[in-house]
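1. How does the following fold in three dimensions:
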Amino acid sequence: MRTPEAPSTARENAERAVDAVQDEADTYRNGEDRPLGGYAVLMSVYLTTVGTLGAVAARRGRAMPRPDAGDLVVTALASHKVSRIVSKAAVTSPVRAPFTKFDGPGGPAEVMEQPRKSSRIRHAVGELLACPFCLDLWTVTAMVFGRVYAPNLTRLVAGSFAALTGADFLHLAYAKAQQIAEG
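-> Take a look at the predicted model:
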């Protein structure tokens, strides 16, 4: 028979641990709506994916790429453009729609959106999909593993998106020059 002084059960210990984690999360949030559990799920997905792809590449003896300065520039430009298209382009809004809601127009051919907050995971995914800075990590990682598994195709795709980034900046510079010329 168990007495009140007896050691805690595993269930009681688990409940105390959950309560402690919840207290820490509440303290961190400081009254704001921060989906820490959703962030933890996204981090787990990212780390599991990277770990799995890295382990498979190592097991298959695939060489890790050694990018030169040109590769880094192309990857940066391409990642910028891909993350911008996924997170801001009006035409990709159907991809974001389950996780975000329209907030208004943004830059040229772009929209502003806010994450939906009906669940912690939906909120976290909404923040990820509406933030080009947040998506950069995922797009750079995809391009790095693309260079491991399909280097020629990845170079072609990255080069195309890098060129598109350059074209976008030329459009903006042209529009600005046109404004200056028109007074």
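2. tell me which element the most centrally placed residue in the chain is part of?
-> For the chain, the residue nearest the mean C-alpha position is residue 135 (3.0 Å; Cα atoms, centre = their mean). Per DSSP states H and E, residue 135 falls inside helix 132-149.
3. Count residues in the vicinity of residue 120, would you?
-> Number of residues near residue 120 (other Cβ atoms under 10 Å) recorded here: 17. C-betas here are computed from N, CA, C, even on glycine.
4. From here on, call the first residue 5.
-> Understood, numbering begins at 5; the last thing we discussed is residue 124.
5. tell me which strands and helices the helix of greatest length in the chain is in contact with?
-> Longest helix in the chain, counting residues (DSSP state H): helix 155-186. Helix 155-186 sits against helix 73-92, helix 136-153, with contacts defined as 3 or more Cβ pairs under 8 Å, 6 or more residues apart in numbering; DSSP states H and E.
6. With distance to residue 37 and mean pLDDT as new columns, can these be given to me in TSV?
-> Formatted as TSV, the helices and strands packed on helix 155-186 follow (distance: least, Cβ to Cβ, whole Å; pLDDT from 0 to 100):
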stretch	distance to residue 37	mean pLDDT
helix 73-92	20	97
helix 136-153	17	96
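7. These: which one's closest to residue 167?
-> If you check each of those against residue 167 by Cβ to Cβ, helix 73-92 wins as the nearest, at 8.3 Å.
8. buried set for the closest one?
-> Under the neighbour-count criterion of 16 or more other Cβ atoms under 10 Å, helix 73-92 has 75, 78-92 buried.
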